[in-house]
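Peer 1: sequence first, then the predicted structure, then my questions.
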Amino acid sequence: MTQGNLFDPKQQDSPGYSNFVLGALFVVYIFNFVDRQILAILIQPIKEDLGVSDTMMGLLTGPVFVISYLLAGLPMARWADRHSRVWLITVGMVVWSAMTVASGLARNFMHLAVARLGVGLGEASFTPSAHSLISDYFPPDRRATALAIFAAGAALGSIAGYLGGGYIGQYIGWHEAFLYVGAPGLLAAVVFRWTVRDPVRGAFDGPKTGTADQPLGEVLRYLIRRRSYVLIVASAMLHGFSSYGSSYWIPTFLIRVHGLSLSQVGLILGGIVGVAGFVGQIIGGRISDAMGRRDLRWYMWTPAISSIVALPFLVAFLLIPNLYWAIGFYMLGGWAVNMWTGPTYAMAQGVAKPHMRSMAAAIVIFMLSLVGAGLGPLIVGVLNDWLEPRFGAEAVRYSLLVVIVPHTLASIFNLMAARTLREDLREASS
């Protein structure tokens, strides 16, 4: 589908334009994750204002968002594999930004829940389409780095959400925090639409990589028969469970256990720890691409090793009473544990044929969100309420100790995926 834009077509086909598109998607991902993640730092004031339990806040941060995100995700990915990905992202961005603004207008739990359903609906359009675009703008030996840079936009979005949400939530109010972060996305959607175009599908993958006319059943059967793909999905589910479960409740942990204010939590998680996670994602992609030129299995070995290394640092963060030491360990753990994103998403794209890539990404994100965003925050909330009679405010500490373990369990599936990765990549390019 031809799209109008502000750039000369020759410039669009250049490496410079590919980098521009990556930068544009990176910025959109910042907006995407600010609107999603800002709720994490506002859990405590929203809970106090609306008078609800930790379990209800777990429902709000998890299943309420995930219901619409998952129901819309696979149909939108199928549409993106056959039509304009740029238009789909643009419309989705308008929807999730408008619904974030609506979150700020909510006056009770039900109003806020409906608005978060709308945020999930809009955001379902983005990540699978973005992965597909990046895979058509960058060759295989650069995709892990490109996708890691893209994924780092989520880390930067979290940083902005923590910093902005913490400050605005403390000094102005949680309603205004949603209004301030949601409104700019509407303008950004217009800029994105007129500066980014859909590239030719499969330009880096050879002439015999299939057509877009295959029925959905054939696409799904092809992906399920790729053993490495199934194992990549399994590892992503476990990473997602730990990532979402911990990221939504660590701000509350710092408030309840270490006695910090909202603005202090925002400064620590956004300005210090968030940067470590941001750097870890990019380094994970760079290491995978560099080592992958020697042996493709490094695309799975890298996240396996980094996740094992991260666990003791994350445990130390949760158990050490001294705040400064705890934050130092969290920085090291956050740096290592975020290295899985680039190589995981790159290989999910690599083992799929070009016309299947949005669907391949959507299935990974569907399962990651179902188990991760759907269950992770909810289980922490339920555990908090269950453990509170015994541990009081410290209950969240022990709940988080439970949800960080699957990060390391994911390494088992990464190592298993490495066994068949090379043959699955060859099949996808044949």
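Peer 2: On my side now, so go ahead. Numbers count the residues shown, from 1 in each chain.
Peer 1: which residues does I67 contact?
Peer 2: 117, 120 (CB atoms under 8 Å, 6 or more residues apart in numbering). Placement of C-beta: from N, CA and C, glycine included.
Peer 1: which is the succeeding secondary structure element to the helix or strand where it lies?
Peer 2: Assigned by DSSP states H and E, I67 belongs to helix 63-80. Later in the chain than helix 63-80, the nearest helix or strand by DSSP H and E is helix 85-105.
Peer 1: and that next one, which residues are buried?
Peer 2: 85-90, 92-104 (16 or more other CB atoms under 10 Å).
Peer 1: so T302 touches T341, yeah?
Peer 2: No - between T302 and T341 there is no contact under CB atoms under 8 Å: 10.8 Å.
Peer 1: please enumerate the strands of this protein.
Peer 2: Counting by DSSP state E, the chain has no strands to list.
Peer 1: so where is it shaky, pLDDT-wise?
Peer 2: 1-13, 205-214 (pLDDT under 70).
Peer 1: nearest residue to the middle of it?
Peer 2: Nearest residue to the geometric centre of the chain (CA atoms, centre = their mean): A154, 5.9 Å.
Peer 1: separation between it and A410?
Peer 2: A154 sits 18 Å away from A410, going by CB to CB, to the nearest Å.
Peer 1: same check, this time on K353
Peer 2: When K353 is compared with A410 (using CB to CB), they lie 26 Å apart.
Peer 1: looking at these two, which is more packed in?
Peer 2: More crowded of K353 and A410, by other CB atoms under 10 Å: A410, with 28 against 23.
Peer 1: isn't that one up against G240?
Peer 2: No - with contact defined as CB under 8 Å, A410 does not count as touching G240 (9.2 Å).
Peer 1: and the nearest residue to A113 once chain neighbours are set aside, what does it touch?
Peer 2: Distance criterion CB to CB, 6 or more residues apart in numbering; nearest residue to A113, sequence neighbours excluded, is V64 at 4.9 Å. The contact partners of V64, by CB under 8 Å, 6+ apart, come to 113, 116-117, 120.
Peer 1: out of those residues, who has the most neighbours?
Peer 2: Neighbour max across these (other CB under 10 Å) = R116, 26 neighbours.
Peer 1: pretty sure that residue contacts P63?
Peer 2: No - taking CB under 8 Å as the definition, R116 is not a contact partner of P63, at 10.0 Å.
Peer 1: could you report the separation of L179 from H355?
Peer 2: 40 Å.
Peer 1: and for V402?
Peer 2: According to CB to CB, V402 and H355 sit 41 Å apart.
Peer 1: just want to know which of these two has more residues nearby.
Peer 2: Neighbour count, other CB under 10 Å: between V402 and H355, H355 has more, with 19 against 14.
Peer 1: just to check, that one is in contact with A80?
Peer 2: No - if you go by CB under 8 Å, H355 and A80 don't touch, sitting 10.5 Å apart.
Peer 1: okay, now S14: neighbour count?
Peer 2: 12.
Peer 1: check contacts around W249.
Peer 2: Contacts of W249 by CB under 8 Å, 6+ apart are 40, 43, 377, 380-381, 384, 396, 399-400.
Peer 1: mind redoing it with 6 Å?
Peer 2: V380 (CB atoms under 6 Å, 6 or more residues apart in numbering).
Peer 1: correct me if wrong: M331 contacts F278.
Peer 2: No - at 11.3 Å, M331 and F278 do not qualify as touching, with contact defined as CB atoms under 6 Å.
Peer 1: can you report how many residues lie near the nearest residue to G271 once chain neighbours are set aside?
Peer 2: Spatially, and ignoring its direct neighbours in sequence, G271 is nearest to L163 (6.4 Å; CB to CB, 6+ apart). By other CB under 10 Å, the residues close to L163 number 21.
Peer 1: wait, L163 touches G266, no?
Peer 2: Yes - in this structure, L163 is within contact of G266 by CB under 6 Å, at 4.8 Å.
Peer 1: buried residues in stretch 307-314?
Peer 2: Buried-residue list, stretch 307-314, by 16+ other CB under 10 Å: 307-311, 313-314.
Peer 1: out of those residues, who's nearest L254?
Peer 2: Of all the buried residues of stretch 307-314, L254 sits closest to L314, with 14.2 Å by CB to CB.
Peer 1: ok, the closest one - contacts?
Peer 2: Counted by CB under 6 Å, 6+ apart, L314 has contacts 333, 404.
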